[in-house]
Structures are given as C-alpha cells and as structure tokens.
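**Q** The following comprises the amino acid sequence and a computationally predicted model.
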Amino acid sequence: MESKQYVEDIDFQKYWLILRRRWLPSTVVFGFIFTLATTVAFVKKPSYSAYGKLLLQKRSATSALVTEAGEKIGQLEALNNFINTPLDTEAQIITAQPILEKTIAKLNLKTAEGTPVQPSSIGAGLKVEGIKGTDVMEVSFTSDNPKKAAAVVNQLMNVYVENNILTNRAEAVAAGEFIAKQLPQIQNRVRQAESALRNFKEQHNIVSIDEEGTAAVEIMADLDKKISETKAQLQEKTTTATELQDKLGLNSQQAIALNKLNQSRAVQQALIELEQVQEQLNIEGTRFQNEAPIIVSLKEKEAARQRLLNQRVEQVIGLKQSIPLNNLQSNEFQQQMMATLVNAEAERLSLAQRVASLEQTKLTYKRRANILPKLQEGLRDLERQLEASQATYDILLKNYQQIRIAENQNVGNARVITYASIPEAPVSPKKKLILVGGIVAGSLLYIVTAFVLDLMDPSIKTAKEIRQLFKYTWLGMIPESRKKGFFWRQKLNGNVPQLVVRDVPHGITSEAYRMLEANLKFLSPDHVLKRIVVTSSVAQEGKSTVSANLAIAMAQVGRRVLLVDADMRHPMQHHIWDLANTVGLSEVIVHQTQFEFAVREVMDNLDVLPSGVIPPNSLALLNSKRMASLVEYFSQKYDFVIFDTPPLVLTADAMTLGKMTDGILLVARPKVVDRVSATASKEFLLRSGQQVLGLVINGVSVEGEPDSYFHHAKAYYKEELITSTIPDSKTKKNHIRF
C-alpha cells in the first residue's frame, strides 16, 4: 500500500505562540535595536549635499574647427550597450584618484593636523550618476560644511573638464603619430596590389572578363549552329556516296583508285597492249598447243604486259596489287558514276574535316569559358585588395590632414551646465526614516530571535504536540497552577507540589483532577481499575503532584485510596504531606516493619505510604515476590492504589511495577519533556508490553495552548487561574527535585 503525502497548511497560530513564548529576549533585542536607531538619529551630526550637473555628448559638427577625425576623438561610446553606458564610464573617471588629488590640491583641503586630505575621504561623500534618459551627469558631495560641499563639487567639475580637453588633445597627437607611421606602409601595399593585378591580367590575357564571357557564349552558340548545318551536309554526302558504292560495287577508295587509273594514259595504254596480247593469245591458242613456241612467246609477252600494267597502276594509286581488267575497263556511264562518287567522297571528307575543325574551335572556347569564373574570382580578389588598400590609404591621408587640425583644438566633449550652490538645509540625518528603519529592523530581529530560541529549545512546547507524539488515550489536562511572571517561574525547581484539590476545591485545577478521576473510572467498564502506576518520561513533569491530587479526588468521592511513594531514589510524597520518612515501603518490603506502622492517614479515605529509607538497589526490592504480594494485599485492603514511580527514561522501576498493576498512567508536561525523551519512553513502553491506561498533560498554560478548553472554563468559573503559594512551614524544608 502506497503511503499518502499531505501538504501541511501553514499554522499561523503556532507561529504566534512562538512569538509569545519568547517575548522577553525578543523584546530585549527589539529594544536594543530601537534604542540604537534613536541614538543614531539624535546624535549624528547634520550633513549637507551640494549638486552640480555636467553635459557629456558628441561634439557639434557645426563647429568650423571640428573635423570628422577630430569629432571621433573623445567620442563617448559604450562597449556593451546592454550593461553599461558611456556615462557610467565617465562617472568612474570623475571619481578616479588623479581627479580627486587635483581637486584637493586646488582647494588646499587639509585635515585638522595640517596634512592634505586623502582622496578616499573625498570619495566617501562623492556621488556621480547619470540622469536617466539624458546625457547629463549629476555630481554631488556630502559634507558637514555646506561651503565645502559646494566648493568640492564645482572644483571637481572644472578639473574634470580640463582633464577631458587634455585627454582629447593627447588622443589627437597619438592618432597623428600613428597615422604618420602607417601611411608609407599602406602606400607600398597599394603599389603591390596594383602590380599583382596587372601581372594577373597579362598572364591570363584578360582585357574584360565580362565582355569576353559574353562573346564566348555567342561564339559557341554560332559554332553549334554551324556544326549542326555541316553535320547535315555531311550526312547527305555520306548517303549519296553509299548509294553510288552500292551501284558500282566498289567502295570509295576503289572508286577513287579506278578513277585515277581511267584518267591515266599510261595505264590505259598498258591495258590496251595487254588486251591486244591476250586477244592474240586467244586466237593462237585455237591453232596451237600450249607448248608451241608462239603460244609460249605470247604468254611471256602477256606476263610482261601484266607486269607493266601493275607497275603503272602502282605508280598511279600506290597499291601493290593487280587490277582486274574488267574493273579497269569501264564505259562512259560507269566512269561518270565513279567521278560522281569521287566528288561526293571528296566533299564528304571536306565536310568531316570542317566538323572536326568547328568542334575543336568550340572546345577551345569552352575551355576558356570554364576557367573564366576562376579567373574572375582571382581578378576580383586582387581588385578588392587594391580597393581596400586604396580606401585605407585615402582615409588615413584624409584623417592625417584633419588630425593636424584637431591637435590645435581646445574643445572637449564635457561642459558644466549647472554649478553647485551652497546648500541651506541638511540632508541627514533623516530622523523619521532612521526611527522607522529601527522599528522594522527590531521587529525582524524580534521574530528571528524568537524562532532561533524556540529551535534551540528541544522541549515539546504544547499539549497538542504531546498528544500527537504519544497518541495515547487523553484522560486529562491539568492547567498550570503557579503565579504568572518570569521571576516566579525561575523558582519552579525549588517548589513543593501543591494539593490544590484539597486547598482550593472549587478551582479550575481541582475540577481538572476530578475529571481525570472520572475518566479513569469509566475507562474500562468491564474491568474495575484498582492499581495504577503514575510515571513520566523525565523528572519535573509533575507525576508526584498528579498522584497526590488524583488520590485526593478519589478519596473525596468516598473511595478508600492508598498512595504509595515507590520512587525510592528521589521520594516526594512525604514532602507534599509533611510526613516523616523514617519508615515506609522499603522497610515493609524487607520485613523491618509492618504495613500498619508505616502507613499514614492524611485525610478521610486517604492513606499515604512513604518510600522509607532509600535502599542501595530499589529495583531489586520492587521486582521481588514480596512486592508482588504487597500489591495484592493493597488492592484487597483499599478501593484504589496509586504508585508514584520514577521517570521511565531513567529507571526501570515504573515498568517493573506496571506488570504488577492494572496499567500505567503517563504524565507529560509541555516545555519540560523533550521530543527525544518522549520518543524513548514510548519505545520502552511498547517493547516491554506495558498496559498504558492513558495520558495526562500537566502544567498546561492557558494562554500558550491553541486548542485549550480552559478559556471557556475560566469564563464559567469567573476566576483567575489558581495562584496559591506554598505555606511558610514547607519552604523551610530542603527542596528536592521531583
């Protein structure tokens, strides 16, 4: 199951109670602060403030002597406009030590010992700030002497104006010297840039890159057009040559060769002679055998004519091959077709060469066009360098001439617009403001003191916190019965508890004990309580007081009650009832005396058994069988038995007796028990398995409880809280812690 977290509301009532609880030390702190503020307001000497105004701005351009370069000298500009302004910088200059020293020297300010005043003493009363939305700076000085205040402001402004003029003039001189050194270098840089630009143009044949690029684009477009037209013509001639080659059965080379052979008279003559020999050989071959001398002679002549023909063909066409007679012999039509083929081939070759030439020209222009952007980039870089160098040179030359004029100017960018007058009324001390500040500071310290003291105090402050911590059944709340006042509470440790139920039976406290008695009576309807142990977490929580008064309340309703003082370390009941403690519980346990001799009747229906002599080991006595039998004996003899026991976190006596009785009644007192001790006692009770009947909250302050019902009870009874005192006879006894 997941735990739920709740946001706790702010408990303003709790904080108010803290302020009330710690009112005395907090009031002392408040009074000290307010007294200190009052002393300062009435003791502090009056001081006077004088005010003057300076105007800081750019110089007027209408001045005849102000030039562009001179105007920039001393110009007010901020490095970071989002953080500071030029006026902030000038304010620091005015308050600088050199300005203050010159002011002190001119006014001849000296201390009472006759030594010059230190700049820090002037700077402490000096205030310089810009007036928002203007170029005006206000200078003020505070002093106990009104004349001195006005004199310091006026002299300080005059010194600053003089220093401003000298500074601007020094800036002009420094600027002139710097420019004089830079001019030759910049001039040399201009010349180098011009030379680099000229060499670049000569190296790359550049006249005008823009015009050259435009012309290149136009030329390439014209070349593309011509290439297209030439390719069309080439295609046409190629088609014609192909058709002629198909008709002739010859390729272009063969046609050209045959055309040359047909036009060669030597080849034709050799061909005719070969044909004649062959014709004669054919005729003679019909008449003679192959071995006939005439046939052999004709064959030899045929071979000679063939060789002659081949030689002449080779001489004409450069081919070492034989040409068939049928190819060398053609009619006029074939010769015309071969001539046409040769012309077409010649034109085709011419057109092909032209196309190649045009494409080569285009490629040249394209390469040039491709490098033009790079050339243009390099050219622009060189031109920019030249322009930058030239512009720098022109500016420096112009400023150098103007700086010479500005060096002789006697003009600054600051002037006095209002001199300080002698103040008549003091500006401090502002008594009302100091007093109000003292009240505010004192109130804050009042709150801080109260909360710090409350945090330093580990005790639980209210009954509400006690109930939330223990979470036991709440059986009663006993109001505080002591007188009010700080000094009365200091006597708390030395007072003997009061029997308010007996002495003031009609008071609020008495009724609170009677209500506790009634709650115990109705706590367990099925089982009647007869034996209870009354204890607390720590000492001084009032367990003995609660035990005694609860016993009285029970006795007054007719019940026989035995009050046993089982605190054998610091017994208290014999002091409360003014009894002798010579014999008591310790003697009864060890059989040194009888119970009837040790018990004392203090009032009707109420007997008290003192603790007796303090034993060396009280726990051993209380944890004995004899004690257990005594508890049974007491419960048989009396209607109700109350055991007053030591605190839980100190001893185990209460838990030992708790196992022998019907349960434990736990008493807790605000401002006495702390959270650690209360938590420890709760853990002890839980681990030991004790039967805790309930919780009684003792010593509750009516004014300090946020949810107390005693406010209504007080109105009902129409009386103040009980403020009874201890009888004089009891104050003489030794005070013992309880």
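**A** That came in fine, so what should we check first?
**Q** From now on I want contacts and neighbour counts done on CA atoms only, so please keep to that.
**A** OK.
**Q** where does the residue of the chain positioned farthest from its centre land in three-state SS?
**A** What lies farthest from the middle of the chain is residue 287; by CA atoms, centre = their mean that is 132.1 Å. Put simply, residue 287 is coil when judged by DSSP: H, G, I helix; E, B strand; the rest coil.
**Q** same question, residue 128
**A** Going by three-state DSSP: residue 128 is strand.
**Q** For residue 150, see how far away it is.
**A** For residue 128, the distance to residue 150 (CA to CA, to the nearest Å) stands at 14 Å.
**Q** quick one, which of these two is more surrounded?
**A** The neighbour comparison of residue 128 against residue 150 (other CA atoms under 10 Å) goes to residue 150, with 25 against 21.
**Q** Identify the residues contacting the more buried one.
**A** 49-51, 141, 420-423 (CA atoms under 8 Å, 6 or more residues apart in numbering).
**Q** which residues in this protein form strands?
**A** Remark: strands assigned in the chain by DSSP state E are 48-56, 126-130, 136-143, 414-418, 474-479, 531-536, 561-565, 600-603, 606-609, 640-644, 664-668, 692-700.
**Q** Remind me what the last one packs against, helices and strands.
**A** If I follow you right, that is strand 692-700. Judged by 3 or more CA pairs under 8 Å, 6 or more residues apart in numbering; DSSP states H and E, strand 692-700 is in contact with helix 463-470, strand 474-479, strand 664-668.
**Q** what about the last one, average pLDDT?
**A** The one in question is strand 664-668. Taken as a whole, strand 664-668 has a mean pLDDT of 94.
**Q** Distance to residue 91 added to the strands of the chain, as CSV?
**A** CSV is the format used below for the strands of the chain (distance: least, CA to CA, whole Å):
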stretch, distance to residue 91
strand 48-56, 11
strand 126-130, 6
strand 136-143, 8
strand 414-418, 12
strand 474-479, 69
strand 531-536, 72
strand 561-565, 84
strand 600-603, 91
strand 606-609, 89
strand 640-644, 81
strand 664-668, 68
strand 692-700, 65
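**Q** of all those, which lies closest to residue 579?
**A** strand 600-603 (8.2 Å; CA to CA).
**Q** Using CSV, write out the CA atom coordinates for the closest one.
**A** Output of strand 600-603 as CSV, limited to C-alpha atoms (Å, rounded to 0.1, in the frame of the first residue of the first chain):
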residue,chain,number,x,y,z
ARG,A,600,-0.1,7.3,57.5
GLU,A,601,-3.7,8.6,57.2
VAL,A,602,-3.5,12.1,55.8
MET,A,603,-7.3,12.7,55.3
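**Q** And that strand, what's buried?
**A** Within strand 600-603, the residues scored as buried using 16 or more other CA atoms under 10 Å are residue 600.
**Q** Measure how buried residue 121 is and give me the count.
**A** Taking other CA under 10 Å as the neighbour definition, residue 121 ends up with a count of 10.
**Q** can you offset everything so residue one is 17?
**A** Got it, the first residue is 17 from now on, which makes the last one we talked about residue 137.
**Q** Flag every buried residue along stretch 120-129.
**A** 120, 125.
**Q** Of the strands of the chain, which is nearest residue 307?
**A** Across the strands of the chain, the minimum distance to residue 307, taken as CA to CA, is reached by strand 64-72, at 140.3 Å.
**Q** name the helices or strands packed onto the closest one?
**A** If you count contacts as 3+ CA pairs under 8 Å, 6+ apart, strand 64-72 packs onto strand 152-159, helix 162-219, strand 430-434.
**Q** Contacts only, for residue 39.
**A** With contact set as CA under 8 Å, 6+ apart, residue 39 has these partners: residue 466.
**Q** what do you get for the one 4 residues further on?
**A** When contacts are counted by CA under 8 Å, 6+ apart, residue 43 is found next to residue 462.
**Q** where does the stretch 367-516 of the chain have low pLDDT?
**A** 385, 387-388, 392, 422-428, 443-447, 470, 473, 497-512 (pLDDT under 70).
**Q** Tell me the spacing between residue 215 and residue 398.
**A** 11 Å.
**Q** neighbour-wise, which of the two wins?
**A** A count of neighbours by other CA under 10 Å puts residue 398 above the other of residue 215 and residue 398, at 19 against 11.
**Q** Please look at the more buried one and residue 207 and confirm they touch.
**A** No: counting by CA atoms under 8 Å, residue 207 is not a contact partner of residue 398; they are 11.9 Å apart.
**Q** now residue 430: how far from residue 177?
**A** Noted for residue 430: a distance of 6 Å to residue 177, by CA to CA.
**Q** Please say which of the two ends up with more neighbours.
**A** residue 430 (25 against 21).
**Q** quick revisit: and the helices and strands packed on strand 64-72: which comes nearest residue 484?
**A** Here strand 152-159 is closest among the helices and strands packed on strand 64-72 (CA to CA), at 61.0 Å.
**Q** could you dump stretch 410-422 to CSV, C-alpha only?
**A** Presented in CSV, the C-alpha positions along stretch 410-422 are these (Å, rounded to 0.1, in the frame of the first residue of the first chain):
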residue,chain,number,x,y,z
ASP,A,410,42.7,57.6,-48.8
ILE,A,411,41.1,57.5,-45.3
LEU,A,412,44.5,57.7,-43.5
LEU,A,413,45.7,60.5,-45.7
LYS,A,414,42.4,62.5,-45.1
ASN,A,415,42.4,61.8,-41.4
TYR,A,416,46.1,62.7,-41.1
GLN,A,417,45.4,66.1,-42.5
GLN,A,418,42.3,66.5,-40.2
ILE,A,419,44.2,65.3,-37.2
ARG,A,420,46.7,68.0,-37.6
ILE,A,421,43.9,70.5,-37.3
ALA,A,422,42.3,68.6,-34.3
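**Q** buried ones in it?
**A** 412-413, 415-416, 418-422.
**Q** related to what we said a few turns ago, go through the helices and strands packed on strand 708-716 and pick out the most buried.
**A** Mean neighbour count (mean count of other CA atoms under 10 Å) peaks for strand 680-684 among the helices and strands packed on strand 708-716, with a mean of 26.
**Q** how distant is it from the center of its chain?
**A** Mean-position distance between strand 680-684 and its chain equals 54 Å (CA atoms, centre = their mean, to the nearest Å).
**Q** swap in stretch 193-212?
**A** On CA atoms, centre = their mean, the centre of stretch 193-212 falls 51 Å from that of its chain.
**Q** What's opposite residue 142 in the beta bridge?
**A** Residue 142 has the following beta-bridge partners by DSSP bridges: residue 157.
**Q** Could I get the pLDDT score of it?
**A** With respect to pLDDT, residue 142 scores 86.
**Q** Equivalent analysis for residue 699, please.
**A** At residue 699, pLDDT is 92.
**Q** What is the neighbour count of it?
**A** 13.
**Q** Identify the residues contacting it.
**A** Residue 699 neighbours (CA under 8 Å, 6+ apart): none.
**Q** how about a cut-off of 10 Å?
**A** 486, 693, 705 (CA atoms under 10 Å, 6 or more residues apart in numbering).
**Q** Output those as a markdown table; include the columns distance to residue 477.
**A** Formatted as a markdown table, the contacts of residue 699 follow (distance: CA to CA, whole Å):
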| residue | distance to residue 477 |
| --- | --- |
| 486 | 14 |
| 693 | 14 |
| 705 | 28 |
